[in-house]
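J.: give me coordinates for this.
(one chain, ligands or ions: 1)
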Amino acid sequence: MADATVIVNKKRSGSSDEQWDQIAGAKKQLLNKAGHVEDPAAALANVRHEFGEHGGVNMSIEASATFTVMEPETMGRMFSGELGPDRDFFIYSRHFNPTVLNLGRLMAALEGTEAAYCTASGMSAISSVLLQLCSTGGHIVASNTLYGGTHALLTHFFPRACGITTSFVDIRDLEVVRREVVEGKTKVLYFESMSNPTLTVGNVPELCRIAHDKGVTVVVDNTFAPMVVSPARLGADVVVHSISKYISGGADIIAGAVCGPASLVNSMMDLHQGSLMLLGPTMNPKVAFELSERLPHLGLRMKEHCNRALVYATRMKKLGLKVVYPGLEDHPDHTLIKSIANKDYGYGGILCLDMETEERASRLMNLLQNCTQFGLMAVSLGYYETLMSCSGSSTSSEMNEEEKQLAGISPGLIRMSIGYTGTLEQKWTQFEKALTRMQQDKTAPISI
Ligand SMILES: Cc1ncc(COP(=O)(O)O)c(C=O)c1O
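T.: This next block holds a predicted model:
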């Protein structure tokens, strides 16, 4: 009896190839439906809902590292690529895992791509996709304002490890981009939809036009602006994420994703040539399950992050502070972000405050954390509490002084990821109090 139950529960048992083709076809239709919806929240709501094994409203976690087959021949058919996850055939969880794949379907819907697969970190998503797209000696054109880790990967690691070189450009200067992207030589144009930390907005449609005219693949890091900007809906080929930030929202998980064409995701999983399969930055299914429970409220969270960032940036500016925020009319990319942002989400949840010197930045952050509880001094972003860091000496410290200057990172630049705990007015009062105290007491050491 027990044995019979085990076999009956195996979805693959006794099903003909035709039946599986029908199921696979139905799944594909659902995926395509999700992919064509413009609003990311609407697209997410269209994704096939996975129920739990016992009828639970949440899916079950497929925690297995390996999977059985009913007939010995099936193994060979799976390894040859004839039978795959689209027909519910799984080999081993470093390859495809059903729970991780489900999160991938959500990520693909979020970004409007055909497919997506999730990784152990944002950096592994970035490095794996670039290694898949570029071979030894390959050339990348990248924005000169990027997360410090990505900048270091392109500047130091890739040239040393595999001879992949990068030309850094100011992506606001489309003529320079056009000049640097060389047909037949350049493989990838890489930039962040909203750059870390300077909040430069990438002109996704125009940059894609330039790259595509020369047969170059466009990869966009959308970590700073999920829901707000949808680079693939604007023409990008691949979208990468550090899920560790807004998508997780809890500052408790390190994770990433590559969203793009199914052919690319499948090539990254190829048993002989796939960067994800062979380098192995796999996401744990238990982590994938947790994250899939957080995506449904990403839109709500983003709206509040963005709302508060806009209110605070506007008020900070009124106080005479040097504030950088794409939602402000004086930001050089304000018109651009207005034209490419998805409706009703806002202009991002990060703002930068330029205190000019590191000493002033540190003094303010110290007061904001230790005297008034406005936020926490910590790197990262997308958490429900406000996080503050001085970028030049932290997440952009991989860049040398000249690179930081080119990217517009002043020594006193505080990056603030605006949280949504407490009330907006309560938090603003805490900000004002810290600022007043700093202005009153310019030189004395800060007492806590
Ligand atoms: C824009 C951006 N991309 C990628 C990463 C790397 O992500 P992870 O820390 O998840 O590897 C970060 C991390 O700060 C980031 O800010």
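
J.: assign the nearest residue to N307 once chain neighbours are set aside to helix, strand or coil.
T.: Using CB to CB, 6 or more residues apart in numbering and skipping residues adjacent in sequence, the residue nearest N307 is G346, 6.0 Å away. (C-beta placed from N, C-alpha, C; glycine too.) Under the three-state scheme (DSSP: H, G, I helix; E, B strand; the rest coil), G346 adopts coil.

J.: so G346 is in contact with K303, correct?
T.: Yes - the pair G346 / K303 is scored as a contact, 6.4 Å apart, by CB atoms under 8 Å.

J.: show me which of those two is the more surrounded one.
T.: G346 (22 against 18; other CB atoms under 10 Å).

J.: give me every residue in this protein that's in contact range of the ligand.
T.: Within reach of the ligand by CB under 6 Å from any ligand atom, the chain has these residues: 121-123, 147, 149-150, 192, 196, 221, 223-224, 242, 244, 254, 256, 395.

J.: show me the contacts for the closest residue to the ligand within the stretch 201-350 of the chain.
T.: Of all residues in the stretch 201-350 of the chain, S242 sits closest to the ligand, at 3.0 Å by CB to the nearest ligand atom. For S242, the contacting residues are 121-123, 125, 147, 221, 223, 255-256, by CB atoms under 8 Å, 6 or more residues apart in numbering.

J.: what sits closest to it if chain neighbours are left out?
T.: S242 sits nearest to G122 (CB to CB, 6+ apart), 2.6 Å away.

J.: pLDDT score assigned to the one you found?
T.: What the model reports for G122 is a pLDDT of 98.

J.: just give me the neighbour total for it.
T.: Count around G122 with other CB under 10 Å applied: 24.

J.: next one: L130
T.: Using other CB under 10 Å, L130 has 27 neighbouring residues.

J.: tell me the helix or strand right after the helix or strand harbouring it.
T.: Element membership for L130, per DSSP states H and E: helix 122-133. Heading C-terminal from helix 122-133, the first helix or strand you meet, by DSSP H and E, is strand 139-143.

J.: what are the buried residues along that following strand?
T.: Along strand 139-143, these residues count as buried under the neighbour rule (16 or more other CB atoms under 10 Å): 139-143.

J.: tell me which residue in the chain sits closest to the ligand.
T.: For the chain, CB to the nearest ligand atom, closest residue to the ligand: G122, 2.4 Å.

J.: who touches that residue in this structure?
T.: With contact set as CB under 8 Å, 6+ apart, G122 has these partners: 221, 223, 240-245, 254-256.

J.: before we move on, back to that, next, give phi and psi for the residue of the stretch 201-350 of the chain closest to the ligand.
T.: Main-chain dihedrals, S242, degrees, to the nearest 10: phi -90, psi 100.

J.: and it, how far from L278?
T.: Distance of S242 to L278, given as CB to CB, to the nearest Å: 22 Å.

J.: go ahead and flag the most central residue of this structure.
T.: The centre of the chain sits closest to H241, judged by CA atoms, centre = their mean, with a distance of 1.8 Å.

J.: any idea how far apart the tips of stretch 138-146 sit?
T.: 20 Å (CA to CA, to the nearest Å).

J.: how about stretch 254-274?
T.: For stretch 254-274, the end-to-end distance is 22 Å (CA to CA).

J.: picking that back up, which two among the residues of the chain next to the ligand are spaced furthest apart?
T.: Across the residues of the chain next to the ligand, the longest distance by CB to CB is 18.4 Å; it joins E192 and I254.

J.: more crowded one of those two?
T.: Higher neighbour count among E192 and I254: E192, with 26 against 18, using other CB under 10 Å.

J.: I figured the more buried one hits D221, correct?
T.: Yes - with contacts counted by CB under 8 Å, E192 reaches D221, the gap being 4.4 Å.

J.: what comes up buried for stretch 423-431?
T.: Neighbour-count burial for stretch 423-431 flags 427-428, 430-431 (criterion: 16+ other CB under 10 Å).

J.: tell me the one among these nearest to F79.
T.: Nearest to F79 among the buried residues of stretch 423-431: K427, at 55.4 Å, using CB to CB.

J.: just say helix, strand or coil for that closest one.
T.: Put simply, K427 is helix when judged by three-state DSSP.

J.: not counting its neighbours along the chain, what's nearest it?
T.: Of all residues not flanking K427 in the chain, F374 sits nearest, at 6.0 Å (CB to CB, 6+ apart).

J.: and the top strand by length along the chain, which strands flank it?
T.: The single longest strand within the chain, with elements called by DSSP state E, is strand 186-192. Paired neighbours of strand 186-192 in the sheet (DSSP bridges): strand 139-143 (parallel), strand 217-221 (parallel).

J.: buried residues in the last one?
T.: In other words, strand 217-221. Using 16+ other CB under 10 Å as the test for burial, strand 217-221 gives 217-221.

J.: what lies in contact with it?
T.: With contact meaning CB under 8 Å, 6+ apart, strand 217-221 is reached by 122, 126, 129-130, 133, 146-147, 150, 187-193, 202, 204, 207-208, 211-212, 231-232, 235-242.

J.: ok, now which ones touch G202?
T.: Contacts of G202 (CB under 8 Å, 6+ apart): 143, 171, 191-195, 220, 231.

J.: run the last query once more with 10 Å
T.: 143, 145, 171-172, 189, 191-195, 208, 218, 220-222, 225, 229, 231, 234, 236, 333, 336-337, 340 (CB atoms under 10 Å, 6 or more residues apart in numbering).

J.: what do you get for S80?
T.: S80 is in contact with L271, counting by CB under 10 Å, 6+ apart.

J.: how about 7 Å then?
T.: Neighbouring residues of S80 by CB atoms under 7 Å, 6 or more residues apart in numbering: there are none.

J.: which one of the buried residues of stretch 423-431 is nearest to E50?
T.: Nearest to E50 among the buried residues of stretch 423-431, counting by CB to CB, is K427 at 37.2 Å.

J.: any idea how far A262 lies from T66?
T.: For A262, the distance to T66 - CB to CB - is 24 Å.

J.: more neighbours: which of those two?
T.: Between A262 and T66, counted using other CB under 10 Å, A262 has the larger neighbour count: 15 against 9.
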